[in-house]
Every structure is written in C-alpha cells, then in structure tokens.
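*Asks:* using only what follows, build the 3D model:
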Amino acid sequence: MTRIDRETRQMYLACAQALVRDQVNLDAADDAGMDIELPVFSVGQVATLADIHPQTLRQYDRLGLVVPERTEGGARRYSLRDLDRLTQAQHLSQDESINLAGVTRILALAEENRQLRRQLRRSRQAEGPSIFAAAADGRVVEIKRSDSARLWRQEITHEYGQYSTGASAHGDKPQMTTSKSLIIWGMHS
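*Replies:* Numbering: from 1, shown residues only. Next up is the predicted model:
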C-alpha cells in the first residue's frame, strides 16, 4: 500500500468532506487530479465522515456492496470512490427504501455510467503533451498538469476550513485548521 504525505492526506480529507456534503462529485475530483481509487481512509475515518456505524461498513464489505482494499496487516482502507458508494448506498437504502440487492445493481450501473462519461470527456479533450511515470506498484500512469486542483482546494479550504488528522485536546474529534499546501498536478490512471 502506498504511503502518502500529510498534506496529500489532508487534501483527500477535504475532498471527502465535500463529497459527503454533495458539494463535489467523483468526476470533479477526478478532473481535479485526485486519484479516486487511492485507499486513504480507515474504517473509523469513513464512519465519521459518512456518519455510518463501523459495523455497517464491515457488513457492506461482507456483502460485497463496498469492498475496500486491505493493508498487509488486513486493515480496511477506503478510497474516495468507496466513500461515494457508501453515501449513495446509505441514501438509496434509507431514504429511498431500496433493498441491498437493488442498491448493488444501481451502484454498478452508476459506476458504469460514470466511467463512460469519463471516457467521453477525455476523448473530447484536445490532444496535448502527456507525461508518463511509474506508480509505486509498477503501473504506468499519465501525469496531467492541472490548475483546477489548486483552485478547487482554495474554494474548499476558504469556505469550510480544513480538518487536521490529529486529535484535539478535548476528545478525539479532528481540529479545524487552515493550510497553505497545494496540489499543483495529479496522477490519472
């Protein structure tokens, strides 16, 4: 599993918070240079972000509804895509009263639709110079320069602040902080 630095982790946390509040979608996060498949979040972090009991997360994993990646030690690690699936699953099952089999099918179709939209967007983009690099796991990835990640992060940080990953002195809730860190470019796979 790839280790990421603190600033990058905070960027993913800000994106996750916006995703849960339905202020950004996976397509926007992907376009901004975020790796939506990167397993960043622990069970506890996702439970807090999505307001889902950790046992529900484990149940969804057992049912195959949302299957996070595992660390070498077996701990679950969730990506932005997993978090999006979780929030959609909660909405469909609780607000729309759709059973889990129906939720699974709807989420599969929604992901297929998202992938098709992504392919269409990329095919319409002007051909420009591409930069390729080797990812930590050996995959070849395209690196795309983007100002949109910087602008998107400034909006999120300005409007909502940013949560630190450390615990506060008054409990285990994250503290509100501000950050000057930026992601100038991101990796696309």
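*Asks:* make it CA atoms for all contacts and neighbour counts henceforth
*Replies:* Fine.
*Asks:* packing partners of the helix ranked longest in the chain?
*Replies:* In the chain, taking DSSP state H as the definition, the longest helix is helix 100-124. Packing contacts for helix 100-124, counted by 3 or more C-alpha pairs under 8 Å, 6 or more residues apart in numbering; DSSP states H and E, involve helix 80-90.
*Asks:* now do the helix it packs on, average pLDDT.
*Replies:* Averaging pLDDT along helix 80-90 yields 92.
*Asks:* and it, what does it pack onto?
*Replies:* By 3+ C-alpha pairs under 8 Å, 6+ apart, helix 80-90 packs against helix 6-20, helix 26-31, helix 43-50, helix 100-124.
*Asks:* if we go to 7 Å?
*Replies:* Applying 3 or more C-alpha pairs under 7 Å, 6 or more residues apart in numbering; DSSP states H and E, we find helix 80-90 packed against helix 6-20.
*Asks:* local confidence estimate at His52?
*Replies:* Just so we're on the same page, residue 52 is Ile rather than His. 90.
*Asks:* residues contacting it?
*Replies:* Not one residue lies near Ile52 by C-alpha atoms under 7 Å, 6 or more residues apart in numbering.
*Asks:* can you classify it by secondary structure?
*Replies:* coil (DSSP: H, G, I helix; E, B strand; the rest coil).
*Asks:* excluding sequence neighbours, find me the nearest residue to Arg9.
*Replies:* In this structure, Arg9 finds its nearest non-sequential neighbour in Val40, 7.2 Å apart by C-alpha to C-alpha, 6 or more residues apart in numbering.
*Asks:* quickly note the distance from the one you found to Tyr12.
*Replies:* Val40 is 8 Å from Tyr12, where distance means C-alpha to C-alpha, to the nearest Å.
*Asks:* any figure for the gap between Pro107 and Arg77?
*Replies:* You called it Pro, but residue 107 is Leu. 20 Å.
*Asks:* Glu72 - how many residues pack around it?
*Replies:* Glu72 sits with 8 neighbouring residues when counted by other C-alpha atoms under 10 Å.
*Asks:* for it, give me phi and psi.
*Replies:* Here is the backbone geometry of Glu72 (degrees, to the nearest 10): phi -60, psi -30.
*Asks:* Phe41 now?
*Replies:* phi -100, psi 140.
*Asks:* got it, and Arg77?
*Replies:* phi -130, psi 120.
*Asks:* show me the contacts for it.
*Replies:* 39-43, 68-70.
*Asks:* which residues pair with it across the strands?
*Replies:* Glu69 (DSSP bridges).
*Asks:* how close does it get to Leu92?
*Replies:* 23 Å.
*Asks:* now Ala110
*Replies:* Applying C-alpha to C-alpha to Ala110 and Leu92 gives a distance of 12 Å.
*Asks:* try Arg81
*Replies:* 16 Å.
*Asks:* between the two, which has more neighbouring residues?
*Replies:* Using other C-alpha under 10 Å as the criterion, Arg81 and Leu92 rank with Arg81 on top: 22 against 19.
*Asks:* all good on my end, thank you.
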